Each structure stands twice: as C-alpha cells, then as structure tokens.
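Novice: sequence and predicted structure are below.
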Amino acid sequence: DIQLTQSPSFLSASVGDRVTITCRASQDIRSFLAWYQQIPGKAPTLLIFAASTLQSGVPSRFSGSGSGTEFTLTISSLQPEDFATYYCQQVEAYPRTFGGGTKVEI
Amino acid sequence: QVQLQQWGAGLLKPSETLSLTCALYGGSFSGYYWSWIRQPPGKGLEWIGEVNHRGTANYNPSLKSRVTISIDTSKQFSLKLRSVIAADTAVYYCARLNLVATTTADSWGQGTLVTVSS
C-alpha cells in the first residue's frame, strides 16, 4: 500500500496567516493526489484534485502543488471557516489511502 | 444539486452484518464510480472500496474477505460488511467518485455512525 505522511499533524494559526501543509507519499504517485477539508461533525469536502486543480466552488485562497512524492496544500490567508482538519488522498493505486490528517486550530 | 442520502442500522452486535444503502438525488448515476469510506471515532479516514458503473468493485485488502459493495438500482448502491467486530465501529460515508476529477470524492453522504457492541 502507498503510505501518505502528513505534516504537521497539528497546526496552530491565526486569521490572516499563510498556512502550508505537506503530504509525502511512500512512492511516486505522479499528480494523483487530492486534498479534503473536514469540519467537525461533517463529511469531508473536496478542495483540490490532480495535486493542483481547484474543485469548483472552492475559494482561491486554497492552492495545491507538487508531484511525485511531495505535495503541499497552501491557504494564503486563513479565514475563520478554515479551521478544520485536512486530509490528503492518493488515487494513483489501489487501495486508495489517506494521510493521517492535519488539524488547523486557532 | 447532487445529494447522497444514506441509511442503515446504527447498532450491531459482534458477528452481525453491517448493511448500509446510499441513494443519489439530483444527478446522474452513470458515468461515475461509487465508494464507501469510514472514520473511527476521533481518527482518520479509511477507504473501504468502490464500484464502477459496470458493477466491478475494488476493495481494501484489509476488509476484502468481509465486504461487498454493489449497485442495487439505477440510483442506489450499498455496503455489506460481514462478521463485524468492535474495531468496525465508525462513521461510514458513501461518496461519488468523479472520473473527471481523477476519481476523487466530489460528493459525500451525511455519514452514518455504526457502533458494534455486545
């Protein structure tokens, strides 16, 4: 199975901060990586697919980059509604796997 | 607007079969894949498996011997997990996989908490 390692697992930030989350894959997954946001008590929502393509309706302050084994999710200016847990997922190979999550708190 | 509505029993005893159904409202069933993902309380996401529009399924090897994902009707698909144990306690989500978005989950059900306890 492809392992995804997210860092940090916990992040404390303030409104307006620029935030970067990293996801490292145990093997080359080309650009087959997605990012999801999960607010407590809610289902995850898709933010980015194909490593850098913004899902329709997602604010432009979210961006993704990377390919191969190293990927980043950046929030350019953190908003109050962005405090949540973020997960990466690889869709290069079966079984699909998720990173362990990064919780962004105030 | 696409909506996934899921339902099923929320409390099971060990060795019973978990059975959940997910229905699509407001969108097309064909041309997408359909998936189940679970999340144990306070933990991360685990991919259970998916089924394509032809009914061909892929499963997580860790669950493969106990799980079946199938398309029931033109707008519903289901999850069955046999011989459940306490470690199967989780919130279970159904999701639509968008082929244009590299089979990532662009629409999710509301989640169903399934508790396994004697």
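Specialist: On my side now, so go ahead. In this text the structure is predicted, and so the values were computed from the model without any measurement.
Novice: and the next element down the chain from the one helix or strand B:Lys80 maps to?
Specialist: Assignment of secondary structure by DSSP states H and E places B:Lys80 within strand B:76-81. Scanning the chain past strand B:76-81 towards its C-terminal end, the next helix or strand to appear is strand B:90-98 (assignment: DSSP H and E).
Novice: one step back: and the angle from the strand holding B:Lys80 to strand B:90-98?
Specialist: On the basis of axes from the mean of the first three to the mean of the last three C-alpha atoms, to 10 degrees, strand B:76-81 is oriented at 140 degrees to strand B:90-98.
Novice: the strands in chain A, which residues?
Specialist: A:4-7, A:10-12, A:19-25, A:33-38, A:45-49, A:53-54, A:62-67, A:70-75, A:85-90, A:97-98, A:102-105 (DSSP state E).
Novice: I misspoke; the intended subject was chain B.
Specialist: Remark: strands assigned in chain B by DSSP E are B:3-8, B:11-12, B:18-25, B:33-39, B:46-51, B:57-59, B:67-73, B:76-81, B:90-98, B:104-108, B:112-116.
Novice: so can I have TSV of these showing mean neighbour count, distance to chain A and mean pLDDT?
Specialist: For every residue, glycine as well, the C-beta is placed using N, CA and C. Putting the strands of chain B into TSV (neighbours: other C-beta atoms under 10 Å in any protein chain shown; distance: least, C-beta to the nearest C-beta, whole Å; pLDDT from 0 to 100) gives the following:
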stretch	mean neighbour count	distance to chain A	mean pLDDT
strand B:3-8	16	9	97
strand B:11-12	16	19	98
strand B:18-25	20	12	97
strand B:33-39	24	8	97
strand B:46-51	22	4	97
strand B:57-59	19	5	96
strand B:67-73	16	12	93
strand B:76-81	22	15	97
strand B:90-98	23	6	97
strand B:104-108	23	4	95
strand B:112-116	18	11	98
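Novice: quick one on the thing from earlier: buried deepest among the strands of chain A, which one?
Specialist: strand A:33-38 (a mean of 26; mean count of other C-beta atoms under 10 Å in any protein chain shown).
Novice: could you work out the end-to-end span of stretch B:11-30 for me?
Specialist: The distance separating the two terminal residues of stretch B:11-30, taken as C-alpha to C-alpha, to the nearest Å, comes to 32 Å.
Novice: repeat for stretch B:106-118
Specialist: 36 Å.
Novice: run through who's touching it.
Specialist: By C-beta atoms under 8 Å, 6 or more residues apart in numbering or on different chains, the list of residues contacting stretch B:106-118 from outside reads A:43-46, A:49, A:55, B:2-14, B:16, B:18, B:20, B:22, B:27, B:39, B:84-98.
Novice: enumerate the residues of chain A near chain B.
Specialist: Contact residues of chain A with respect to chain B, defined by C-beta under 8 Å from any C-beta of the partner chain, are listed as A:1, A:32, A:34, A:36, A:43-46, A:49-50, A:53, A:55, A:87, A:89, A:91, A:94-101.
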